[in-house]
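Engineer: Build me a model:
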Amino acid sequence: MALSFSVLASGSTGNAVYLETEEKRLLIDAGLSGKKLEGLFQQVSRSPKDLDGILVTHEHSDHIKGVGILARKYNLPIYANEKTWQAMENSIGAIHSEQKFIFERGCYQTFGDLEVESFGVSHDAADPMFFVFHNEGKKLALATDMGYVSEHTKGIIQNADMFIFESNHDMNMLRMCRYPWNIKRRILGDTGHVSNEDAASALAEVVGEKTKRIYLAHLSQDNNMKDLARMTVKQILEENDCGIGYDFYLYDTDPNKATSLVTL
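Structural biologist: Down below sits the predicted model:
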């Protein structure tokens, strides 16, 4: 069995991605309650009791809310970089020392038949990082929570078979919404979140001949809509002569419903 995955939940209210290979099963982030996460696992006929670990991207609550709960209930190891550990320890509760592991950004770690590459992103957290997963020549890139998509990030995620990629907000919706200006400025800034337009422009540079699926992720509950994100990204990819609709396809993610378990 090659690499399979499901975006269990994605959005401003909570994020979690499940991956499995023949040898390992991992959860990336757990930004919902333990009860909700267990329900999402059931949607893809899986259980957190079978996990081999949890990888944490950064300490914001929509990524770590259920980390401590699952780790304690199922005795799971947690992998995060040192600054993220320091930033989240008071939020996730007591964790036994034998369950704590360091995974620094810019590094590779091997989990059985799965090689995981971490890379830093620009976001207003202690030391945020995301991952590229390599298995049997296949490549899955997970990249959200970015104020902008750096050239370094583009190089790492280039020509992935599958992308889970941030498409957080529509620029016009954000400008017109009732958020205070300081919140709008944070979202729009270099350590905030990527807009639909910026996501599409970056994707146009990184999709390649191997790319088959792009999942638009971390959509704002207040300043985006699935149809709008998909339409905007599709239009810009078409303008850049990308093979959308025949070489690869766009897919939605949801804060409350898991995507189907897909094998690369």
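Engineer: Hmm, residue 211 and residue 250 touching each other?
Structural biologist: No - if you go by CB atoms under 8 Å, residue 250 and residue 211 don't touch, sitting 11.1 Å apart. All C-beta spots, glycine's among them, are computed from the backbone N, C-alpha and C.
Engineer: Buried residues, the longest helix belonging to the chain. List them.
Structural biologist: As assigned by DSSP state H, the longest helix anywhere in the chain is helix 226-239. Residues 228, 229, 230, 232, 233, 234, 236, 237 are the ones in helix 226-239 that count as buried (16 or more other CB atoms under 10 Å).
Engineer: Per-residue pLDDT of the fifth one, please?
Structural biologist: Turning to residue 233, the model gives it a pLDDT of 98.
Engineer: next one: the last one
Structural biologist: In this model, residue 237 is scored at 97, pLDDT.
Engineer: start at 287 instead
Structural biologist: OK, 287 is where the count begins now, so the last one is residue 523.
Engineer: roughly how far apart are it and residue 481?
Structural biologist: According to CB to CB, to the nearest Å, residue 523 stands 15 Å off from residue 481.
Engineer: For residue 429, which non-adjacent residue is closest in space?
Structural biologist: Using CB to CB, 6 or more residues apart in numbering and skipping residues adjacent in sequence, the residue nearest residue 429 is residue 416, 5.0 Å away.
Engineer: Let me fix that, I meant to ask about residue 461.
Structural biologist: residue 470 (7.2 Å).
Engineer: tell me which element that neighbour is part of?
Structural biologist: helix 467-474 (DSSP states H and E).
Engineer: For that helix, buried residues please.
Structural biologist: 470, 473.
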